[in-house]
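S.K.: how would this look folded up:
(one chain, ligands or ions: 1)
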Amino acid sequence: MTPDTASQLIDAPFEELAVEAGKIRDRSFGNRITYSPKVFIPLTMLCRDRCGYCTFAKAPARVEHPYLEIDEVLAIARAGADQGCSEALFTLGERPELRYEVAAQWLEERGYGSTVEYLAAAAAAVLEQTGLLPHLNAGALHHDELASLRPVSASQGMMLESIRDDLEAHRLAPDKTPERRLATLDAAGVLGIPFTTGLLVGIGENRQDRIAALEAIADSARLHGHIQEVIIQNFLPKPGTLMAASPAATLDEIRWTIAVARLLLPHSVHLQAPPNLVDDPTILIEAGIDDFGGVSPVTVDHVNPERAWPEVRNLRKVTEATGFTLAPRLTIYPEFALDPERWLDPAMRTPVLVSMDSEGLCRDSAWCSGGEVEPPKLLGHESSPTSRLSGAVAEVLAGFELGQDLGFDEIVTLFSARGPEVVAVCEVADELRRSVVGDDVTYVINRNINYTNVCTFKCRFCAFSKGPLSLNLRGDPYLLDLDEVTARVAEAEQEGATEVCLQGGIHPSFDGDYYLDVLDAVSRGSDKIHIHAFSALEVFEGARRSGMTLTEYLSALKARGLKTLPGTAAEILDDEVRAVLCPDKINTEQWLEVHETAHSVGLRSNVTMMFGAIEQPASWARHLLATREVQARTGGFTEFVPLSFVHMATPMFIRGMARRGPTFREALLLHAVGRLAYRGSIHNIQVSWVKLGAAGSAQVLQAGANDLGGTLMDENISRAAGAAHGQRMETADLEEIVRPLDRPLVQRTTLYGRP
Ligand code: SF4
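M.R.: Residues are numbered from 1 along each chain as shown. Okay, the predicted model is just below:
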């Protein structure tokens, strides 16, 4: 930067800087402000440095023990985990063992050569025993020290503070020289460590110095791409410190520095200011931040203990009042979490994966699909006046209401909705549902018959299938004989079922005739019952094994009584994702071809989507658009059935390759956005009570869904994956779900007629 440009920045009116900073922030991160739910773990309050403003560091006589014991560390971390925190922020003094004998001795007695070595052990214990992701702030470290912490942390950090080397505040702090700290910054970059740094405003530096410091950070960020966030923290004088009589950083300086940081840093770098150090956090948003940093429901801010954290509920209100949304994040930012090979040690990839949602942000509740935890109540949000919404989601909804169809970008945007935006998307979807299919909540009485769980395919998400020899997972391999199929059909009909739903694994002994024989077996049990059977994979394999074309084979199935095809085996219709989920299964084109051909011979079918294992919202958009194109040609799809991934017992989760299914926000949005994306195309949106439970289903029925699917009698596939919800629902149970909604529960046929 030329001296002229610097002086222009120094003298520019804040309002002008803020407008530009706001534009950059909005372009880069939209209207989302993040924060990290965390606990602070002050591993040691001893420090070899004596900074003029610091109350964190204490003399040995003023602390009970030089370091927290591992048990104490774990107790803090567990309290945080219980309160929904995802980050364990280790704060500590710099190399106290070099100044205090008592510290060196404490470490030696426990077999640690240094504070950094002990920090690695403590972080490993937290990670292993609580699942919280460690963020390590160990000060100015050397390359090998940073490297030793990488396998036990999701991110690391060190405040640059200032680039001035003559500050009185740092006179007694050998680790605070700019050279040491810039060297640490670069070493972290070389090691590919997602790194947090920042400035301390008001410790004797001036605007020119801050510009120089920001430029140094920007250079390192451009060189390595590793600076995930920059913190602009303001100095507050504290009694008992060398700078007790110095003035606090003024609001003008804080706001100016935030805005200038936004202008000078690469636009991908997040900008944070702590909300507890100012009286009104909205000024931070106005100046250009997109992150509030760590907010702890458990521990105080150990660096500024006199300033309490705002409650997240209040922070949310303040944020939403400015037209922004508030979202929890992990200590590692999404851009880094979603690129784990580059940014995470192999040991950290699974812990990060299981902590995150589809956008790489923090899961927002303990709920998971198929589990027993009640979902968060996302509708009826306390501060959800949708008229105040601004930002991309509001724009897409406005366009939709004017009649524009949703394309790829619009769909992805809607999946990013948070807070009141979620409410708005669901309200528009619910209104569309009302106008398309009315208030009836429909269901079908049916029976699931999974005729075999033996399968030659190797879908990594499937806990149901067994290879003939794989007795290690739940349940034994079985193959029902056809008389048993007949008996189950007859029994289902006696119990009032109007539909049987048949699907199973691809048994190595099956030939193309097997599926025809199954249809005959069903017909022997009932000549009236609707046969809803065979995934696209089964049809594809049946045709292949009989040497027939799809048209010939589907016509033969239809002639033997098949009426509709379930949409299963679609998983995610995005081949990059399928290559991981189910590498040897039919691809997107083949799934679509089976269904389009089925429609062409007079069979109907539905669209399913198994979501929440590994993919991002872009894949959901591709799936919706690909099926919408087929529907535009054939009109053969009867409904869309989002199937949230039930992770517990699946091979890919057990091997650390999958998330814990979708968050409830994602599940809710999948139904709502599905309703909107299929406007004028697919009229019924089904919620799977097996995956979402009664409370989850009730919310989804207010977000565009109109159908509760089948009563099932013997649901095996989700239960094999670990779902806790029952194997069948009685009509009375479904009535319980629907009653509070004040909508009629109506039995339907498979094709949405009335029985
Ligand atoms: S999902 Fe279907 S094809 Fe894949 S392994 Fe399971 S049973 Fe087999």
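
S.K.: when you work out contacts or count neighbours from here on, use the C-alpha atoms and nothing else.
M.R.: Noted.

S.K.: can you pull the phi and psi angles for the nearest residue to residue 583 once chain neighbours are set aside?
M.R.: Spatial nearest neighbour of residue 583, excluding adjacent residues (Cα to Cα, 6 or more residues apart in numbering): residue 459 at 7.1 Å. With angles defined as degrees, to the nearest 10, residue 459 shows backbone torsions of phi -70, psi 130.

S.K.: residue 459 - how many residues pack around it?
M.R.: 22 (other Cα atoms under 10 Å).

S.K.: do you know how far it is from residue 465?
M.R.: Taking Cα to Cα, to the nearest Å as the measure, residue 459 and residue 465 are separated by 9 Å.

S.K.: now do the longest strand seen in the chain, average pLDDT.
M.R.: Under DSSP state E, the strand in the chain containing the largest number of residues is strand 32-44. Summarised as a single mean, pLDDT over strand 32-44 is 95.

S.K.: so what secondary structure elements neighbour it?
M.R.: Here strand 32-44 touches helix 70-82, strand 87-92, strand 291-295, strand 325-328, going by 3 or more Cα pairs under 8 Å, 6 or more residues apart in numbering; DSSP states H and E.

S.K.: quick one: which of the ones you listed is nearest residue 453?
M.R.: Nearest to residue 453 among the helices and strands packed on strand 32-44 is helix 70-82 (37.7 Å), distances taken as Cα to Cα.

S.K.: and that closest one, which residues are buried?
M.R.: By neighbour count with 16 or more other Cα atoms under 10 Å, helix 70-82 contains the buried residues 70, 73, 74, 76, 77, 78, 79, 80, 81.

S.K.: could you do stretch 62-70 as well?
M.R.: Taking 16+ other Cα under 10 Å as the basis for neighbour counts, the residues of stretch 62-70 that come out buried are 66, 67, 68, 70.

S.K.: tell me how far the last one lies from residue 146.
M.R.: With distances defined as Cα to Cα, the gap from residue 70 to residue 146 amounts to 21 Å.

S.K.: which bits of the stretch 401-550 of the chain sit near the ligand?
M.R.: Taking Cα under 6 Å from any ligand atom as the contact definition, the stretch 401-550 of the chain meets the ligand at 455, 457, 458, 459, 462, 464, 465, 504, 505, 506.

S.K.: excluding chain neighbours, give the residue nearest to the last one in space.
M.R.: Looking back up the chat, that one is residue 506. The spatial neighbour of residue 506 that comes closest, neighbours along the chain excluded (Cα to Cα, 6+ apart), is residue 455 at 4.5 Å.

S.K.: now residue 496
M.R.: Spatially, and ignoring its direct neighbours in sequence, residue 496 is nearest to residue 445 (6.8 Å; Cα to Cα, 6+ apart).

S.K.: could you do residue 432 as well?
M.R.: Beyond its immediate neighbours in the sequence, the residue positioned closest to residue 432 (Cα to Cα, 6+ apart) is residue 704, lying 7.1 Å away.

S.K.: what's the answer for residue 36, then?
M.R.: residue 294 (4.5 Å).

S.K.: next, count neighbours for that neighbour.
M.R.: If you count neighbours by other Cα under 10 Å, residue 294 ends up with 27.

S.K.: show me what contacts it?
M.R.: 35, 36, 37, 38, 274 (Cα atoms under 8 Å, 6 or more residues apart in numbering).

S.K.: wait, residue 371 touches residue 723, no?
M.R.: Yes. With contact defined as Cα atoms under 8 Å, residue 371 and residue 723 form a contacting pair (6.0 Å).

S.K.: residue 134 bridge partners, please.
M.R.: Beta-bridge pairing of residue 134, defined through DSSP bridges, involves residue 88.

S.K.: low-confidence stretches in this structure?
M.R.: Counting by pLDDT under 70, the chain contains low-confidence residues at 301-303, 380-388, 467-475, 715-721, 724-727.

S.K.: next up, the contacts around the residue located most distally from the centre of it.
M.R.: Largest separation from the mean C-alpha position in the chain: residue 524, at 47.6 Å (Cα atoms, centre = their mean). By Cα under 8 Å, 6+ apart, the residues touching residue 524 are residue 486.

S.K.: same thing but 10 Å
M.R.: For residue 524, the contacting residues are 483, 485, 486, 487, 489, 490, 518, by Cα atoms under 10 Å, 6 or more residues apart in numbering.

S.K.: which among these count as buried?
M.R.: Judged by neighbour count, with buriedness set by 16+ other Cα under 10 Å, the buried members of the contacts of residue 524 are 485, 486, 489, 490, 518.

S.K.: for the third one, pull up the helix or strand it's in.
M.R.: Per DSSP states H and E: residue 489 is located in helix 482-494.

S.K.: which strands and helices sit next to that helix?
M.R.: For helix 482-494, the elements it packs on are strand 446-449, strand 499-502, helix 512-525, judged by 3 or more Cα pairs under 10 Å, 6 or more residues apart in numbering; DSSP states H and E.

S.K.: what about residue 641, is that helix, strand or coil?
M.R.: Put simply, residue 641 is strand when judged by DSSP: H, G, I helix; E, B strand; the rest coil.

S.K.: which parts of the chain sit against the ligand?
M.R.: 455, 457, 458, 459, 462, 464, 465, 504, 505, 506.

S.K.: just give the number of residues close to the last one.
M.R.: I take that to be residue 506. Other residues within reach of residue 506, judged by other Cα under 10 Å, total 20.

S.K.: identify the residues contacting it.
M.R.: When contacts are counted by Cα under 10 Å, 6+ apart, residue 506 is found next to 452, 453, 454, 455, 456, 457, 465, 467, 537, 538, 541, 542.

S.K.: now the helix holding residue 489, how far from the centre of its chain.
M.R.: In terms of Cα atoms, centre = their mean, to the nearest Å, the centre of helix 482-494 is set 42 Å apart from its chain centre.

S.K.: quick revisit: need the residues of the chain next to the ligand in TSV (columns: secondary structure).
M.R.: Written out in TSV, the entries for the residues of the chain next to the ligand read as follows (three-state DSSP):
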residue	secondary structure
455	coil
457	coil
458	coil
459	coil
462	coil
464	coil
465	coil
504	coil
505	coil
506	coil
